[in-house]
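>>> fold the following for me, if possible:
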Amino acid sequence: MNFNFLIELLSKTVATAGESKLKDILQDLHDSNIDDYQAAIQGGDAFVKHLQPLVDKSKTSIDDAVLLAIKDAISQSAATNGIVL
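Sure thing, here's the model as predicted:
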């Protein structure tokens, strides 16, 4: 079996689990402190946007999966809570 394929598969699985947990954490933050939530969402969105060009240039797919999971969690949480990014 190709080692890179195995690593890629594992990274996507871990990223998907992390995305789900991050959405839960963001919702908890939203429910407990809306100002901190908005700051986290906006900061997280900026974080992803600034890292994306570097991740796009990298030779591995692990960072792609992790950054995509973070981006999706932030985007979905924002949409759920009426925040426009």
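
>>> show me the contacts for Glu8.
Residues near Glu8 by CB atoms under 8 Å, 6 or more residues apart in numbering: Ser61, Ile62, Ala65. Just so you know, the C-beta spots here come from the backbone N, C-alpha and C atoms, and that holds for glycine as well.

>>> can you pick the most crowded of these?
Of all those, the highest neighbour tally under other CB atoms under 10 Å goes to Ala65, namely 22 neighbours.

>>> what's the closest non-adjacent residue to that residue?
Nearest non-adjacent residue to Ala65, counting by CB to CB, 6 or more residues apart in numbering: Ala15, 4.1 Å away.

>>> and the pLDDT at that neighbour?
pLDDT for Ala15: 76.

>>> I'd say it and Asp63 touch.
No - Ala15 is not in contact with Asp63 according to CB atoms under 8 Å; the separation is 9.8 Å.

>>> looking at these two, which is more packed in?
Neighbours were counted for Ala15 and for Asp63 using other CB under 10 Å; Ala15 has more, 22 against 16.

>>> no more questions from me, cheers.
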